[in-house]
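> Got a sequence here, can you model it:
(one chain, ligands or ions: 2)
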Amino acid sequence: MNTKNTILIFDTTLRDGEQSPGASMNTEEKIQIASQLERLGVDIIEAGFAAASPGDFDAIDKIAQRVTHSRVCSLARATDNDVKSAGEAIAKAKMKRIHTFIATSKIHMEYKLKMTPDEVIKRAVRAVEYARTFVDDVEFSCEDAGRSDMGFMKEISDAVIQAGASTINLPDTVGFRLPFEIGDMVKQMSEYVGNRAIISVHNHNDLGLGVANSLEAVINGARQVECTINGLGERAGNAALEEIVMALKTRSDVFSDYETNINTKEIYPSSRLIANITGIEPQPNKAIVGKNAFAHESGIHQDGMLKNKSTYEIISPADIGLDREDTLVLGKLSGRAAFKDKLAKLGFILKDEALNSSFERFKIMADKKKVIYDDDLRALVTNEMTKAPKIYEIISLQLMDFSEGTPSAVVKIKKDDQKS
Ligand code: KIV
Ligand code: ZN
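Ligands and ions are numbered 1, 2, ... in the order given. This next block holds a predicted model:
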């Protein structure tokens, strides 16, 4: 019997991710991404913010018709107009959700909404009740939960659960909280709410803590995590899906009670699709999907890897769907063993002197060039292999110009096997 807790993965690449500067996507691209997210196995796809524009509405509507295995969700502010748009946009989905939100922190209520806490509760309840006329599954978010009063969040949660919400999301909207603080907030809220609703988190990455905060939330009772592929999202982005999922999987010793429905082999294809469509490449040293995430450059590491991959690799590239068999990158710190191995993979078997002299020339090249590409190696080795055997060597060459007479040259040569 499976007694593990399933952590629902709520992907918001198409909504919060699209809020990254420069990440806007057209409808066709959004459909492609949604289909890939479905292959990846995400439980809920936040397909957009239906009231934002006719284009957003249309994309959500098309995604709702295409996706069958994931739940399709639209965001809505706590207004009738937004909720109606969301309800209509997801109407054709097999499984659907409306996600409505209103800010609950003192700062937001006072300066942004200019509403009293009682007015905020009334708006939230009305939005949830109205959303329930479109769907059975309604999520309510306390925007800026990270800076909201715990007593007020309990009060508004009671009211929206009563109105029909089944998920309470606690966003750290400005990425302000530290892991122990998120853990404490989630623990208090999940104990308070009990089995009346699922507690969800949505962590922004302003202090680089989005993933750590999400993992701490899981340990303390969150059963849904909101995240994006490649950590895309508003400002410094959202917690990265691939990092959360691979941390849960790789550290199954710590997270033995939890599982996700993610097919991790679809992580790398998903990351590449998003990067290609948005034009936003993950930083090279980005965990899990950065282009250097599985690259071993130093000689010591390469030597260890060749002997046994577990010396320096905690995740197999194949687990995230990265086919690249060979993840050794050659540079000036690479050793002879890695050089030889890489050449063999390129189809060159060099021995003894040829290997030594190629390696010497490789070191000189590596001093000048940061990264040595396969083509550089091919050129270097081809050169080595096509060196003609030496038969004659020119010892000296003297040219004489007899302007009046016949020009002549004196050439001293030696045959390869002769002494000069
Ligand atoms: O960061 C945030 O608070 C949000 C909400 C709309 C969930 O994105
Ligand atoms: Zn957000």
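> What residues does the stretch 1-150 of the chain have near ligand 1?
Neighbours of ligand 1 within the stretch 1-150 of the chain, by CB under 6 Å from any ligand atom: 16, 101, 141, 143. Every C-beta, even on glycine, is put in place using the N, C-alpha and C of the backbone.
> Most neighbours out of these, which is it?
residue 141 (26 neighbours; other CB atoms under 10 Å).
> Test my guess that it contacts residue 201.
No: using CB atoms under 8 Å, residue 141 makes no contact with residue 201, being 10.3 Å away.
> quick one: contacts of stretch 148-159?
With contact meaning CB atoms under 8 Å, 6 or more residues apart in numbering, stretch 148-159 is reached by 104-106, 117, 120-121, 124-125, 140, 142, 145, 168, 170, 185, 188-189, 192-193, 197.
> quick one: which of these sit in strands?
140, 142, 168, 170 (DSSP state E).
> Any chance of those residues in a markdown table with pLDDT and neighbour count as columns?
Shown next, in a markdown table, are the ones in strands among the contacts of stretch 148-159 (pLDDT from 0 to 100; neighbours: other CB atoms under 10 Å):
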| residue | pLDDT | neighbour count |
| --- | --- | --- |
| 140 | 99 | 29 |
| 142 | 98 | 26 |
| 168 | 99 | 25 |
| 170 | 99 | 29 |
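> Going along the chain, name the helices of this structure.
Using DSSP state H, the helices of the chain run over 27-40, 54-66, 80-89, 106-107, 117-131, 150-163, 179-193, 210-219, 241-250, 267-278, 299-307, 336-345, 352-368, 374-385.
> which of those is buried the deepest?
helix 210-219 (a mean of 25; mean count of other CB atoms under 10 Å).
> what's in contact with it?
With CB under 8 Å, 6+ apart as the test, helix 210-219 has contacts from 7, 172, 175, 177-180, 182-183, 186, 199, 201, 203-205, 222, 225, 227, 231, 237-240, 243-244, 247-248, 255, 258.
> Wait, residue 78 touches residue 124, no?
Yes: using CB under 8 Å, residue 78 is in contact with residue 124, at 5.5 Å.
> okay, and the common contacts of the two?
With CB under 8 Å, 6+ apart, residue 78 and residue 124 have common neighbours 100, 102.
> In contact with residue 256, which residues?
residue 4.
> Show me where the stretch 151-300 of the chain dips below the pLDDT cut-off.
Applying pLDDT under 70 to the stretch 151-300 of the chain flags no residue at all.
> What residues are bridge-paired with residue 77?
Residue 77 has these beta-bridge partners by DSSP bridges: residue 101.
> what residues go with each domain of the protein?
As assigned by automatic domain parsing, the chain contains the domains 5-278, 299-385.
> Flag every residue of the stretch 151-300 of the chain that's near ligand 1.
171, 173, 202, 204.
> so how many other residues sit close to the nearest residue to the last one once chain neighbours are set aside?
Across the structure, with CB to CB, 6 or more residues apart in numbering as the measure, the residue nearest residue 204 apart from its sequence neighbours is residue 175 (3.5 Å). Burial of residue 175, expressed as a neighbour count using other CB under 10 Å, amounts to 23.
> what sits against residue 175?
Residues near residue 175 by CB under 8 Å, 6+ apart: 146, 203, 204, 205, 206, 207, 209, 210, 235, 236.
> ok, 7 Å please
Contact partners of residue 175, counting by CB atoms under 7 Å, 6 or more residues apart in numbering, are 203, 204, 205, 206, 207, 209, 210, 236.
> what do you get for residue 122?
Contacts of residue 122 by CB under 7 Å, 6+ apart: none found.
> How about the one 3 residues further on?
Residue 125 sits next to 159, 160, 163 when contact means CB under 7 Å, 6+ apart.
> Include pLDDT and distance to residue 362 when you put the residues of the stretch 1-150 of the chain next to ligand 1 into TSV, please.
Below are those laid out as TSV (pLDDT from 0 to 100; distance: CB to CB, whole Å):
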residue	pLDDT	distance to residue 362
16	97	46
101	98	57
141	99	55
143	98	56
